[in-house]
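Q: Provide a 3D model corresponding to the input given below.
(chains A and B, ligands or ions: 2)
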Amino acid sequence: MSATVEDPPVTDRPAAVRLRDVGKTFRRRRRETTALEGVTLDIAAGEFLCLVGPSGCGKSTLLSILAGFTPADTGEVLVDGRPVEGPGPERGVLFQTPTLFPWLTTRQNVLYGPRARHALTPEVREEATALLETVGLADFADAYPHELSGGMRHRAAFARVLINHPQVLLMDEPFGALDAITRAGMQRFLLELWQRQRTTIVFVTHDVEEATLLGDRVSVLSGRPGRTKAVVDIDLPRPRTYEDTETLAFVTAKRRIREVLEQ
Amino acid sequence: MSVETAVDPAAPTVRTRERRQRSWRRSLVGAAALASALIIWEIAAYAVGDPVTMPTVQETARELLHYLTKPYPQVQGKTLVDDALISTARILAGFGLGTAAGLLLGAAMAGIRVVRELADPIIGVMRPLPPIAFIPLLVVWFGIGEASKVALIFFGVLPVVTIATLGALDAVPDELSHASRSLGASPFHTMLHVRLRAAVPGVITGMRIAMGGAWTSIIAAEMIAATGGVGFLILQAGNYLQTPLIFSGIAVIAVLGFVFDGLLRLLLRAADPTARR
Ligand SMILES: Nc1ncnc2c1ncn2[C@@H]1O[C@H](COP(=O)(O)OP(=O)(O)OP(=O)(O)O)[C@@H](O)[C@H]1O
Ligand SMILES: [Mg+2]
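A: Ligands and ions are numbered 1, 2, ... in the order given. I've put the predicted structure just below:
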């Protein structure tokens, strides 16, 4: 198990996501909030990176910069070598609360992306059916979001993103509002999915255990203004399962992240 | 399957059946409520015993059927059907124009800051004014023909639909638009299929409120300055102490109002799945 890296390694090897000195300040009614300052981070293609940090340190802001919803004030934001200029389907976003379109059924929600891009082919429809099966919503394909449970809505939102085959998945505390059992189910689902597809994932969470279970590396942000305080490698073997959370190696890794957080 | 689910294949059909049963039950209860109101009316009519003050249900029904096809007053009068059509045409014209203008203005206010800042105070002053206060003015400007009636309804509907549209558009969460954009939709597609689409239920609710106000205005206007329409008929009937006909006119308004609100409710159900209960 490698030691905590105080300064995030800056290399020139091709990274799926490359952040250099990213800063963001919100100005509102003469009040300035510096949410992010000098965030530098490289995320390799196929890596599962977890982002932890105290509340209000700018995790959501960083994710929305990556998604292209808000521009960064300073610094460089590259995804797959190209500067981020706006939202796009190659970067799938999952929000803390699933934002399904309430007037569309589960299936129509899943097909929203292909339809909007005029890429709705019979193959895509078949894929949607298969995806709904995978996320366990085959019987609720024609139900509306308000007829689904919280966990089901998350899975529907997941399927809606996955049908676009995103290269990067940006997830902002996606399981934060779920009960422990549903949450464990979603984590297992995400791990299996990642194990199969090796999508680059940036995963924001409050939960150190969740970060340890899921991540290849855990990037710890400092309190506001957020900057990368440390990046902790999690050298636990893959594939990981929920049972691993009881091993000594897991507990040690978890404690290491908590120590950095509390520094 | 990777996520454990408590899937019940029968669930959707059970839900529809339950819903159908509920809607049957609701129709039955509604019919029973209306029937008991008629019975109370009938009892009251017998208790009063004076057809000019309180006609019975049968008298009213007879009068209603009679004047559906016979003009009232006999000279220069119109049939109840004609009067109902006249009022309906005025409502439809004024409501259609007012809704269209309200939608445009509301959308412009939501999208363009200057428009919002300019229109906000005007709407704010206009909204609490009862539209019927403008009837004499509109008669001076447009005469007692159709134009003044349509204008009255237009100015009554406009602020209500504008505020409903603005409110509904403001209430659409940014995240919904963000989700659409990051699923690959263009800004225009997102505007049309997410922002405007998400606002539709709120707009229809505003239209329902505006429709109620439109009936109030049109009946008042027809009583003050008109030569036709249900309001004109009711006023004439009142002048000649034709109480059963007054009740008939009110019944016609009730039916028309119910039908229009029913149409808007259908529209709402079509637009908003959460309204289908
Ligand atoms: N649109 C905005 N306008 C003004 N200030 C904002 C805006 N968005 C975020 N901020 C500020 O930026 C800081 C970082 O916010 P952000 O939501 O990124 O935090 P976070 O790390 O995601 O917190 P949490 O863990 O509680 O979700 C906060 O102080 C917040 O007040
Ligand atoms: Mg956040």
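Q: only C-alpha atoms for contact and neighbour calcs from this point on.
A: Will do.
Q: Where does pLDDT dip in the chain?
A: As the question left the chain open, I've gone with chain A. The model of chain A has pLDDT under 70 over residues A:1-15.
Q: That was the other one, I meant chain B.
A: The low-confidence ranges in chain B, as defined by pLDDT under 70, are B:1-15, B:277.
Q: now do 50
A: B:1-10 (pLDDT under 50).
Q: where exactly do the helices run in chain B?
A: Along chain B, counting by DSSP state H, helices occupy B:11-48, B:57-69, B:80-111, B:113-126, B:135-142, B:146-171, B:174-182, B:187-190, B:197-224, B:230-239, B:243-271.
Q: How about the residues of the stretch 51-200 of chain B by chain A?
A: Proximity of the stretch 51-200 of chain B to chain A, by Cα under 8 Å from any Cα of the partner chain, involves residues B:175-176, B:178-186, B:189, B:194, B:198.
Q: What is the nearest of those to ligand 1?
A: The closest of those to ligand 1 turns out to be residue B:175 (Cα to the nearest ligand atom; 12.0 Å).
Q: Which residue is the nearest non-sequential neighbour of that closest one?
A: In this structure, residue B:175 finds its nearest non-sequential neighbour in residue A:99, 6.8 Å apart by Cα to Cα, 6 or more residues apart in numbering or on different chains.
Q: mind listing what the one you found touches?
A: A:157, B:175-176, B:179 (Cα atoms under 8 Å, 6 or more residues apart in numbering or on different chains).
Q: Save those residues as JSON lines, and put in neighbour count too.
A: Shown next, in JSON lines, are the contacts of residue A:99 (neighbours: other Cα atoms under 10 Å in any protein chain shown):
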{"residue": "A:157", "neighbour count": "24"}
{"residue": "B:175", "neighbour count": "15"}
{"residue": "B:176", "neighbour count": "18"}
{"residue": "B:179", "neighbour count": "30"}
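Q: Would you check which pair of those residues lies furthest apart?
A: Maximum pairwise distance among the contacts of residue A:99 (Cα to Cα): 12.7 Å, between A:157 and B:175.
Q: now the strands: where do they sit in the stretch 1-150 of chain A?
A: A:17-28, A:31-43, A:48-52, A:74-79, A:82-83, A:91-94 (DSSP state E, counting those that start in this stretch).
Q: contacts for the fifth one?
A: Just to be clear, that refers to strand A:82-83. Counting by Cα under 8 Å, 6+ apart, A:76-77 sit against strand A:82-83.
Q: now swap in the longest one and tell me
A: If you take Cα under 8 Å, 6+ apart as the criterion, strand A:31-43 is touched by A:8-11, A:15-27, A:49, A:56-58, A:61-62, A:75, A:200, A:224-228.
Q: Distance of the residue nearest to residue B:175 relative to residue B:182?
A: Per Cα to Cα, to the nearest Å, residue A:99 is found 12 Å from residue B:182.
Q: Need the overlap of contacts for these two.
A: Common contacts of residue A:99 and residue B:182 (Cα under 8 Å, 6+ apart): none found.
Q: What parts of chain A come near chain B?
A: A:67, A:69, A:87-89, A:91-93, A:99-103, A:112-114, A:116-117, A:133-136, A:139-140, A:143-144, A:146, A:161, A:164, A:185-186, A:188-189, A:192.
Q: can you do 6 Å?
A: By Cα under 6 Å from any Cα of the partner chain, the part of chain A that sits against chain B consists of A:87-89, A:99, A:103, A:113, A:116, A:134, A:185, A:189.
Q: Residue A:120 reaches residue A:114, doesn't it?
A: Yes - Residue A:120 is within contact range of residue A:114, at 5.1 Å (criterion: Cα atoms under 6 Å).
Q: Tell me which of these two has more neighbours.
A: residue A:114 (20 against 14; other Cα atoms under 10 Å in any protein chain shown).
Q: Now do the contacts for that one.
A: By Cα atoms under 6 Å, 6 or more residues apart in numbering or on different chains, the contact list for residue A:114 reads residue A:120.
Q: Can you name the residue of chain B nearest to ligand 1?
A: Using Cα to the nearest ligand atom, residue B:174 is the residue of chain B that sits closest to ligand 1, at 10.7 Å.
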